[in-house]
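Visitor: got a predicted model here, sequence first, then my questions.
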Amino acid sequence: MTTHTSIQHLNDDERERFTATVELIGKRWSAGILVAIAKDAHRFSEIANVVSGLSDRLLAQRLRELEIAELVVREVIPSTPVQVRYHLTESGADLLRAMEPVIEWGHRWRPERDA
């Protein structure tokens, strides 16, 4: 069931869900990790290479949080050595599509800064 509620008319439950969502994806590195996975970085090392400046410990923590939130699924491939790959869930992919207006907003209001 899809509902479209304007910000002005959020009830308490909707406000709490909205706040929880923004806080989850607003955590440092979370959005970058989701984008990296969407752009075909599926292994831990690939994600770490794409999201520069992120420690392995924090990457593991964020991946667990995103998995608990059901935005990412962890796939263990039984091989020697064992391989682990991360994929967006339907919910995670849907969230990134919903973020497209935020990306457009960033292009309009947060132009590149001079190096």
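Guide: Sure thing, it's come through. Keep in mind it's a predicted model, so treat the numbers as computed, not measured.
Visitor: within the helices and strands, which one has the spatially most central residue of the chain?
Guide: What sits nearest the mean C-alpha location of the chain, by CA atoms, centre = their mean, is L34, with 3.4 Å. Per DSSP states H and E, L34 falls inside helix 30-38.
Visitor: can you pull the contacts of L95?
Guide: 21, 25, 34, 71 (CB atoms under 8 Å, 6 or more residues apart in numbering). For every residue, glycine as well, the C-beta is placed using N, CA and C.
Visitor: only the buried members of the residues you listed: can you turn that into a ChimeraX selection?
Guide: The ChimeraX selection below is limited to those of the contacts of L95 classed as buried (16 or more other CB atoms under 10 Å):
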select :25,34,71
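Visitor: which of the contacts of L95 fall in strands?
Guide: Counting by DSSP state E, no part of these is found in strands.
Visitor: among the contacts of L95, which ones are in helices?
Guide: 21, 25, 34 (DSSP state H).
Visitor: next up, phi/psi of the nearest residue to the first one once chain neighbours are set aside, please.
Guide: Of all residues beyond its chain neighbours, the one nearest T21 is L95 (7.9 Å), with distances taken as CB to CB, 6 or more residues apart in numbering. Note on L95: backbone dihedrals following degrees, to the nearest 10 are phi -60, psi -40.
Visitor: give me the distance between L95 and R74.
Guide: Note on L95: its distance to R74, by CB to CB, to the nearest Å, is 17 Å.
Visitor: how close does P81 get to R110?
Guide: Distance of P81 to R110, computed by CB to CB: 42 Å.
Visitor: check contacts around the residue nearest to the centre of the chain.
Guide: 25, 66, 71-72, 88, 92, 95-96.
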